[in-house]
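Asker: 3D model of this:
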Amino acid sequence: MTKTQQVRLAQRPTGLTDADTWDVTTEELPELGDGQILVKVAFISLDPAMRGWLNDVRSYVPPVGLGEVMRSLDIATVVETNHPDFAVGDTVSGLFGVTEYAISDGRGVQQVDLAVAPGPTWLGALGMPGMTAYFGLLEVGKLKAGETVVVSAAAGAVGSVVGQIAKAKGATVIGIAGGAQKCRLLTEELGFDAAIDYRDEDVLRRLRELAPKGIDIYFDNVGGEILDAALANLRRGARIVLCGAISAYNADTLPPGPSRYMSLLVHRASMTGFVVFDYADRYGEAVADIAKWLSEGKIKSREHVVEGGVARFGETLNLLFSGGNTGKLVLAL
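Answerer: Residues are numbered from 1 along each chain as shown. Predicted structure coming up:
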């Protein structure tokens, strides 16, 4: 029998999660059945979407149930197997949850090649954030060379990859981030053409200065006032890609909707939401392209790795909402 420490949802939070949100338990896993694998988790992905999964509301996936192990995408090692497709020692990714060990029937579990990139990168540029950036920008945003792209939360896991893919495809890229350090990262390390510090600058005014002919694509990760600023500076035929709204995830009440939505009419623009899971059958295409760009130095992968056990999950998750992380946030067990 294998014992594992797990994090379970104790109660649904209002606002930010806290210690009362979680129960840290120790469980004994059953013996493996036919067609199952036992994995030891090495890295846990922390994502803004996790906050939405805690709310008992209709969404693109069911909410995490009270008493259930918190849902998460992990990188793990197979330590025991009764499955023909997996061998002991294989490195894999899957929705194993916030746990030290997990049993899986192999559905949704993918082999990971650590010769291509280390484990945290498979949760970042080669994981869900990279897939989100790739399909959101290229399929939903329909990027063309020479266009002007604006990305919010640009120093985050998704935004940083969006901007770099746009540059690799010949676009002019403006990133919006919080703080001078993150803005320097965008322009000095990741190759963005310009960066706007929303904490210290007038975003609307700066967008008009940096994109005097308007924005062709706005990749939105935050919503709120920054979305309104982008709406005020669209170019004819612009596309707004709705990826997330982190500014509202911990709000007690629904925030007001965008006040400048009529700009979509004036500029014959579109605003389209998407969920990356809709492109699951094409992940291999995105991984191949992003891995090539990584090897060529056109994309740099940034991971913010926090060391500790699963009991650190709750405090680490809240870094996403305080601006305390740069790049992909990962908990290393």
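
Asker: drop to CA atoms for contacts and neighbour counts, all remaining ones
Answerer: Will do.

Asker: ranges for the helices of the stretch 51-200 of the chain?
Answerer: 128-135, 157-168, 180-184 (DSSP state H, counting those that start in this stretch).

Asker: Using TSV, lay out those together with distance to residue 231.
Answerer: TSV is the format used below for the helices of the stretch 51-200 of the chain (distance: least, Cα to Cα, whole Å):
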stretch	distance to residue 231
helix 128-135	20
helix 157-168	18
helix 180-184	22
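
Asker: Tell me which of those is the most buried.
Answerer: helix 157-168 (a mean of 27; mean count of other Cα atoms under 10 Å).

Asker: what pLDDT, on average, does it get?
Answerer: Mean per-residue pLDDT for helix 157-168: 97.

Asker: One more: stretch 217-234?
Answerer: Computed over stretch 217-234, the average pLDDT equals 96.

Asker: follow-up on the earlier one: identify whichever of the helices of the stretch 51-200 of the chain lies nearest to residue 34.
Answerer: helix 128-135 (29.4 Å; Cα to Cα).

Asker: which residues touch that closest one?
Answerer: 123-125, 157-159, 161-162, 165, 275-276, 279, 283, 286-287, 290, 328 (Cα atoms under 8 Å, 6 or more residues apart in numbering).

Asker: Domain parsing of this protein, as residue ranges.
Answerer: 2-117+302-332, 128-277 (automatic domain parsing).

Asker: would TSV of those domains with distance to residue 295 be doable?
Answerer: Below are the domains of the chain laid out as TSV (distance: least, Cα to Cα, whole Å):
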stretch	distance to residue 295
domain 2-117+302-332	9
domain 128-277	13
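
Asker: now for the helices of the stretch 51-200 of the chain, which one comes closest to residue 300?
Answerer: That would be helix 157-168 among these, by Cα to Cα, at 8.0 Å.

Asker: orientation of the closest one relative to helix 128-135 in degrees?
Answerer: Helix 157-168 runs at 40 degrees relative to helix 128-135, counting by axes from the mean of the first three to the mean of the last three Cα atoms, to 10 degrees.

Asker: and helix 157-168, what does it pack onto?
Answerer: In this structure, helix 157-168 makes packing contacts with helix 128-135, strand 148-151, strand 172-177, strand 328-332, judged by 3 or more Cα pairs under 8 Å, 6 or more residues apart in numbering; DSSP states H and E.

Asker: Distance to residue 266 and mean pLDDT for those - can I get that in JSON lines?
Answerer: Below are these laid out as JSON lines (distance: least, Cα to Cα, whole Å; pLDDT from 0 to 100):
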{"stretch": "helix 128-135", "distance to residue 266": "27", "mean pLDDT": "96"}
{"stretch": "strand 148-151", "distance to residue 266": "19", "mean pLDDT": "98"}
{"stretch": "strand 172-177", "distance to residue 266": "23", "mean pLDDT": "98"}
{"stretch": "strand 328-332", "distance to residue 266": "36", "mean pLDDT": "96"}
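
Asker: just for the stretch 201-333 of the chain, where's the confidence low?
Answerer: Residue ranges of the stretch 201-333 of the chain with pLDDT under 70: 247-249, 251-252.

Asker: where do the strands sit along it?
Answerer: Ranges of strands within the stretch 201-333 of the chain are 215-220, 234-242, 270-273, 303-307, 328-332, based on DSSP state E, counting those that start in this stretch.

Asker: Identify whichever of these lies nearest to residue 68.
Answerer: So among the strands of the stretch 201-333 of the chain, strand 328-332 is nearest, using Cα to Cα, at 19.4 Å.

Asker: Might you report the residue contacts of residue 277?
Answerer: Not one residue lies near residue 277 by Cα under 8 Å, 6+ apart.

Asker: quick one: it from residue 132, how far?
Answerer: 9 Å (Cα to Cα, to the nearest Å).

Asker: what does residue 315 give?
Answerer: Taken as Cα to Cα, the span from residue 315 to residue 132 is 25 Å.

Asker: Then residue 116?
Answerer: 20 Å.

Asker: ok, back up a step: and of the domains of the chain, who's closest to residue 294?
Answerer: Nearest to residue 294 among the domains of the chain is domain 2-117+302-332 (9.1 Å), distances taken as Cα to Cα.

Asker: ok, now which ones touch residue 61?
Answerer: For residue 61, the contacting residues are residue 53, by Cα under 8 Å, 6+ apart.

Asker: meant to ask about residue 31
Answerer: Counting by Cα under 8 Å, 6+ apart, residue 31 touches residue 1.

Asker: quick one: secondary structure of it?
Answerer: Following DSSP: H, G, I helix; E, B strand; the rest coil, we place residue 31 in the coil state.
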